[in-house]
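In: turn this into a model:
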Amino acid sequence: MVKRSLRDGERRKEVKQRQEEEEEEEEEEGERVEREEDEEEERKKRAATGVGGGVRRGMNLQVPCCQADKCEVDLRMAKRYHRRHKVCEAHAKASVVLVCGINQRFCQQCSRFHDLSQFDEAKRSCRSRLAGHNKRRRKTVSEAQAESKKMSKHAKENTCRHLDRQDTLQGGPNFKHFQISL
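Out: Sure thing, here's the model as predicted:
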């Protein structure tokens, strides 16, 4: 009777172990399918945007490289900026680059390639980003006037303080020799 209960216990352990192994295999299969679906989705995204992703594949190794057509530059040893934006130094500075069969230029502000028509002459930033930059830098007439008034008031206060300090330092208002230091 004892032997029989031991055998039953061993059988239960074996059955439980097989069930756990099957569950693990199912989980691994599910994870593999998820990875494949994610990779397929990523491929579709790259195809839709027309960008190759800047990665050359071979023997399951991913080597970051430039987005420009027919550019085989390996970006592994490039500066961090060039690796991040997947563009080699030469194409980042070039005035015309062929990307996805279209003549484009790399925008320093957007860190993306744009059609040449979006740039003014030989500039490295697209018009839309330059417009935003200039708008932030330029002030309206009322802002400039308000700042001018604030600066002139501040300058007068500093001048008075400066003169007060000189009087006290040099012996009072009747002191004949004084210097104004700038």
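In: can you list the domains in this structure?
Out: According to the domain assignment given by automatic domain parsing, the chain is divided into the following structural domains: 55-134, 139-170.
In: just the strands in the chain please.
Out: Read by DSSP state E, the chain holds these strands, from start to end of the chain: 55-58, 61-64, 97-99, 102-107, 112-115.
In: any chance of a markdown table for the ones you listed, columns mean neighbour count?
Out: Placement of C-beta: from N, CA and C, glycine included. As requested, the strands of the chain are exported to a markdown table (neighbours: other Cβ atoms under 10 Å):
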| stretch | mean neighbour count |
| --- | --- |
| strand 55-58 | 11 |
| strand 61-64 | 12 |
| strand 97-99 | 20 |
| strand 102-107 | 19 |
| strand 112-115 | 17 |
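In: which one, of those, ends up nearest to residue 86?
Out: Distances from residue 86 to each of the strands of the chain were compared using Cβ to Cβ; the minimum, 6.3 Å, belongs to strand 61-64.
In: direction included, what does that closest one pair against?
Out: Strand 61-64 pairs in its sheet with strand 55-58 (antiparallel), by DSSP bridges.
In: pLDDT of the partner strand, averaged?
Out: In this model, strand 55-58 carries a mean pLDDT of 51.
In: likewise for stretch 75-84?
Out: The predicted model assigns stretch 75-84 a mean pLDDT of 88.
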